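> below are the sequence and a predicted model for it; my questions follow.
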Amino acid sequence: MVGGRGTGPYTLEVAVEKAGAPAEEKPPAEETPGVPGKAPGFEAVFAIAGLLALAYLILRRKK
């Protein structure tokens, strides 16, 4: 620890309950179908870049 703090004795209280019936295991949730290998939202980058390029061209023509 920095500066010697946190090196003293500590008391930790833990509440433990008796074990009952084991919890039922749920089957793994099915993943939503999608295109593997694509980063989510990656198409938005190209959409924004296209809009910025379009705005630049329109503003450039007005001058």
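Great, that's in hand. Residues are numbered from 1 along each chain as shown.
> any regions of the protein where pLDDT drops low?
1-6, 21-23, 31-38, 63 (pLDDT under 70).
> could you pull out the helices for it?
Using DSSP state H, the helices of the chain run over 42-62.
> most centrally placed residue in it?
In the chain, the residue lying closest to the centroid (Cα atoms, centre = their mean) is residue 40, at 11.2 Å.
> mind checking how far it is from residue 49?
17 Å (Cβ to Cβ, to the nearest Å). C-betas here are computed from N, CA, C, even on glycine.
> ends of stretch 14-25, what's the gap?
Stretch 14-25 stretches 26 Å from its first residue to its last (Cα to Cα, to the nearest Å).
> same question for stretch 7-19.
Stretch 7-19: ends 34 Å apart by Cα to Cα.
> so what's the gap between that stretch and the chain middle?
In this view, stretch 7-19 has its centroid 32 Å away from the chain centroid, taken as Cα atoms, centre = their mean, to the nearest Å.
> okay, buried residues for that stretch please.
If you call a residue buried by 16 or more other Cβ atoms under 10 Å, then stretch 7-19 has no buried ones at all.
> check stretch 43-50 too.
Result for stretch 43-50 [16+ other Cβ under 10 Å]: no buried residues.
> ok, residue 54 - contacts?
If you count contacts by Cβ atoms under 8 Å, 6 or more residues apart in numbering, residue 54 has none.
> how much space separates it from residue 48?
For residue 54 relative to residue 48 (Cβ to Cβ), the value is 11 Å.
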